[in-house]
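[1] Structure for the following, please:
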Amino acid sequence: MSVTNGDLHDLLEQAAKSATGCDDTDIADFILILEDEWITDVDALRRLSPDALDELLPLLLSQEIQRLLHHHDGQTLDDRNNRRWRRSPPKKQLSRGIRKKSSVRDYENHGPS
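    You can find the predicted model right below:
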């Protein structure tokens, strides 16, 4: 399924089907809950934080919606949740023209540089 702006109903149907395993899950109440929060399209849903969505909808439905949205965006839910725990990029190595500061041990063993 391609998630485009305005496909909120279709997205919720697919997420409910995946979360419950049933084709006939009634999503009308969930649509009303989101509309009460002024979430009327997929773009508004994307701007909602995962924690806020977890509070509005059943947890499995919320997580499935997030998975579908981020799968479509080319990003997995795990990538999004672990973003702050990624390793920092490697540090730049010293240029050849810049000398590393000598330590006390270097001075004791080899004398002044």
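
[2] okay, now the residue lying closest to residue 50 once chain neighbours are set aside: neighbour count?
    Spatial nearest neighbour of residue 50, excluding adjacent residues (C-beta to C-beta, 6 or more residues apart in numbering): residue 66 at 5.6 Å. (Each C-beta comes from the backbone N, C-alpha and C, glycine too.) Neighbourhood size, residue 66 [other C-beta atoms under 10 Å]: 20.

[3] cool, residue 28 as well?
    Neighbour count of residue 28, defined by other C-beta under 10 Å: 9.

[4] how far away is it from residue 71?
    Distance of residue 28 to residue 71, computed by C-beta to C-beta, to the nearest Å: 25 Å.

[5] where does this structure have its least confident helix or strand?
    The helix or strand of the chain with the poorest confidence is helix 77-81; it has a mean of 47 (mean pLDDT, DSSP states H and E).

[6] buried stuff in stretch 56-65?
    Neighbour-count burial for stretch 56-65 flags 56, 57, 61, 62, 63, 64, 65 (criterion: 16 or more other C-beta atoms under 10 Å).

[7] check contacts around the last one.
    Under the criterion of C-beta atoms under 8 Å, 6 or more residues apart in numbering, the contact list for residue 65 reads 11, 12, 15, 45, 53, 57.

[8] can you rerun that using 10 Å?
    Listed by C-beta atoms under 10 Å, 6 or more residues apart in numbering, the contact set of residue 65 reads 3, 8, 11-12, 14-16, 18-19, 30, 34, 42, 45, 48, 50, 53, 57.

[9] Helix, strand, or coil at it?
    Following DSSP: H, G, I helix; E, B strand; the rest coil, we place residue 65 in the helix state.

[10] which SSE is residue 54 in?
    Assigned by DSSP states H and E, residue 54 belongs to helix 50-56.

[11] Grab the two from the buried residues of stretch 56-65 that are most spread out in space.
    Greatest spacing in the buried residues of stretch 56-65, by C-beta to C-beta: 56 and 64 (13.7 Å).
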